[in-house]
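Chemist: next one to model:
(one chain, ligands or ions: 1)
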Amino acid sequence: MSPLNGTLLGTVVFLASGVLLAADQPKPAAAQRWLMPLLDAATIEARCPVELERARAAFRVMEKNPAPAGILAEWNRVSAMVQNFIYPVYLQANTAVDAATREAALKCVEAFAPLETEPFQSEKLYARVRGLGPGDATDRQYRQDQLEAFEDAGIALPADKRQRIKEIREEIEKIALRFQSNVNESKEVVAIAPEETRGMPKDWLDARKRDAEGRVIVTLDYPTYIPFLTNAENEDARRRVYIAKLREGGTVNLELFQRVLALRYEMAQLYGYPDYATFSLRRAMAKTPAAVEEFLARVRSAVDTGEARDIEAMRADKAAFLGRPVADVKLHRWDVLFHEERLRRSRYQIDQQALRANFPSEKSVAFTLRLAQLLYGVTFVARDVPRWSSDVTYYDVFERTTSGIPGEFLGGIYLDMYPREGKYNHAAAFPLQSASTALGRKPASALVANLDRAGLTQDELETLLHEFGHVLHGVLSKTRYVDQGGTNVKRDFVEAPSQMFEEWARHEESLRLFAEVCPACPQVSPEMVERLHQARLFGIGVRYARQWQYAAYDMRLHTGAPPPVLQAWIDIERASPLGYVEDTMLPASFGHLLGGYAAGYYGYMWSEVLGLDMLSGFNGKLLDPVAGRRYRKAILEMGGQRPPQQLVESFLGRKPNGDAFFAEITGARR
Ligand SMILES: [Zn+2]
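Modeler: Numbering: from 1, shown residues only. Presented below is the predicted three-dimensional model:
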């Protein structure tokens, strides 16, 4: 199987500004542009052991050289080689059209799990990294990151403990992959009688399959179940769909989750730490569980009032809707989206379903590209290249020059935006190649989402910008080493650039660009932007209270000995005003906590503190290209080459603070 580099068709289709380019515009040299190799199941199975052995052999060669000098560059080359094969395979495990390829890819990613630990348990490699001289700031940071990885792999422990840590890490990695696959592959549906679909838009109904009895089949992907919970008037039907969604993953996933918690706890103890939170957080910005708990306590007290106010407003609306006294009505979790939407319509005349006409899906993508183009001084050129589904699009990313002719080639992005059976069911950015200036290597990323083809709501437009923020973090990075490229940053910082970019979906100044990419779309007026703002603020108490519950649950699981995974969730939900819904098992699909967000879910809100604070660097001018380029240089290009505090301070010219975040979660931010 040969990689597809050089076999691209090279046809220029469309430039984000709407300008068609001639087919003879500059193209990146084939050696610079990386294209996704589309391996089939048999090829993945055949190549997987070969590639794994190749990586191991490369590390063995590195062990033969006792001199410290050159170790970082050597490591960088091997990391790049491993990524070249396994990152695309990982994407295929989540997006390949046929199930056999997804399964083969998943098995291959599992087979690569030992590589996360093995090299970092090598005393010879450890001695080389430790023996390195100081070098410049970038080398110092990479050396420090590597030393921490050695420590986390147990290099300082006796051989038997080290061996156990390797086994634990491999088992956790394999279970996490299986867990996500169980969620992705879940085929649960809910059959809804035609009379129970009152309130559903015609487009939505037309797109649904029916069973033999003529019932409407509600699948549990976002574009199907979210509109249902938002619009269906029949409470019992909403309840059934809500419960089915919150059973995804099933009891088998609860068992897998419990096993992972036990393994993490055992591992922390092997290192002499009291629990996994203490072990893991020492590498994060927060540093200690106490710092996280303190932050979460502040969040909790800031959102309490707003949550109670939102719930009372929705309860009153439910009573009015049902024509019953408020005292007789209880608001349930399956009511939240429905009554939130009704109130947004009646109070602010914002109808999420109608907004899809303002934000057609393809045009929303063009809008996002246009924003990035203006703000960061880049150009996107669509290319017809081999791709894994006809839904996928690909763009070359170039430096924008004053002449309008694309300048330096920066990288490539794939966009896979719509649901398919067996596909990853959330929205995420997948790195495919990390940048390395030392290797002349250009980054590539894929954005995987599950958007509605009919157009986007307010939330969905923000989700698109959020994930695109991650993609830009990857594709605009210019790091020396691949292991520091793009989103390889502290995980309580990784969301900050994405959360910041959501802001561009909220202001008239930026939304006005929609007219450029879609002159025929109904335009969002300044007065409507104000109503959108008010509509977004409604429900913010319930929203952040939920985020607090997730983060508090995560900390509960990883602090002290692990509790029973479902019961711990039930306890937290039951203590909240909306309570626990019998028969639901949210932890069975809470993939974040199986992967990189373990003892790290708080990081969403922690990052948002920085994301919202960084907005002040734009001085209220969201399209200021000078600020945009400054941000690109200070934050995006740097990836993980410096500690995040340092990057944010260099961009803001002051220490970051939580003012904007706490104003946001109490609905007081403009
Ligand atoms: Zn994100």
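
Chemist: skipping its backbone neighbours, what lies nearest residue 539 in space?
Modeler: Excluding the flanking residues, the one nearest residue 539 by C-beta to C-beta, 6 or more residues apart in numbering is residue 340, at 4.7 Å. In this view, the C-beta of every residue, glycine as well, is placed from N, C-alpha and C.

Chemist: give me the element that neighbour is part of.
Modeler: helix 336-348 (DSSP states H and E).

Chemist: contacts for that helix next, please.
Modeler: With contacts defined as C-beta atoms under 8 Å, 6 or more residues apart in numbering, helix 336-348 is touched by 226, 229-233, 238, 310, 313-314, 317-318, 321, 331, 350-352, 531-532, 534-535, 538-539, 542, 578.

Chemist: contacts only, for the spatially most central residue of the chain.
Modeler: Against the mean C-alpha coordinate of the chain, by C-alpha atoms, centre = their mean, the closest residue is residue 428 at 3.8 Å. Residue 428 makes contacts with 447, 448, 449, 467, 470, as judged by C-beta under 8 Å, 6+ apart.

Chemist: please list the members of those that lie in strands.
Modeler: Residues of the contacts of residue 428 located in strands (DSSP state E): 447, 448.

Chemist: what about the closest residue to the ion within the stretch 201-350 of the chain, how many neighbours?
Modeler: Closest contact between the stretch 201-350 of the chain and the ion, by C-beta to the ion, is at residue 222 (15.1 Å). By other C-beta atoms under 10 Å, 19 other residues sit near residue 222.

Chemist: now it. Nearest residue, chain neighbours left out?
Modeler: In space, residue 222 is closest to residue 450, 4.6 Å off (C-beta to C-beta, 6+ apart).

Chemist: wait, doesn't the one you found sit right on residue 418?
Modeler: Yes: because the distance of 6.8 Å satisfies C-beta atoms under 8 Å, residue 450 is recorded as touching residue 418.

Chemist: pick out the residue of the stretch 501-650 of the chain closest to the ion.
Modeler: For the stretch 501-650 of the chain, C-beta to the ion, closest residue to the ion: residue 604, 7.7 Å.

Chemist: which ones are touching that residue?
Modeler: Residue 604 neighbours (C-beta under 8 Å, 6+ apart): 495, 499, 547, 551.

Chemist: which residues sit in contact with residue 239?
Modeler: If you count contacts by C-beta under 8 Å, 6+ apart, residue 239 has them with 332, 334.

Chemist: pLDDT-wise, which helix or strand of this protein ranks last?
Modeler: Lowest by mean pLDDT, DSSP states H and E among the helices and strands of the chain is strand 12-15, with a mean of 27.

Chemist: may I have the helix holding residue 340 exported as CSV, CA atoms only?
Modeler: Only the C-alpha atoms of helix 336-348 are listed here, as CSV (Å, rounded to 0.1, in the frame of the first residue of the first chain):
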residue,chain,number,x,y,z
VAL,A,336,-35.3,21.4,29.7
LEU,A,337,-34.5,21.8,26.0
PHE,A,338,-38.2,22.0,25.1
HIS,A,339,-39.2,24.8,27.6
GLU,A,340,-35.9,26.6,27.1
GLU,A,341,-36.7,26.8,23.4
ARG,A,342,-40.3,27.8,24.0
LEU,A,343,-39.1,30.7,26.3
ARG,A,344,-36.5,31.7,23.8
ARG,A,345,-39.2,32.0,21.1
SER,A,346,-41.7,33.8,23.3
ARG,A,347,-39.3,36.2,25.1
TYR,A,348,-36.8,36.9,22.3
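
Chemist: what is the mean pLDDT for it?
Modeler: When pLDDT is averaged along helix 336-348, the result is 96.

Chemist: next secondary structure after that helix?
Modeler: Next element after helix 336-348 (DSSP H and E): helix 352-358.

Chemist: check which residues of that next one are buried.
Modeler: Neighbour-count burial for helix 352-358, counted by 16 or more other C-beta atoms under 10 Å, picks out 352, 353, 355, 356, 358.

Chemist: the next helix-or-strand element following it - contacts with which helices or strands?
Modeler: Sequence order places helix 361-376 as the next helix or strand after helix 352-358, per DSSP H and E. The contact analysis (3 or more C-beta pairs under 8 Å, 6 or more residues apart in numbering; DSSP states H and E) places helix 361-376 against strand 378-383, helix 458-475, helix 514-517, helix 625-631.

Chemist: give me the below-cutoff pLDDT ranges for this protein.
Modeler: Within the chain, the segments meeting pLDDT under 70 span 1-31.

Chemist: and the contacts of helix 336-348, which of them are buried?
Modeler: 226, 229-232, 238, 310, 313-314, 317-318, 331, 350, 352, 531-532, 535, 538-539, 542, 578.
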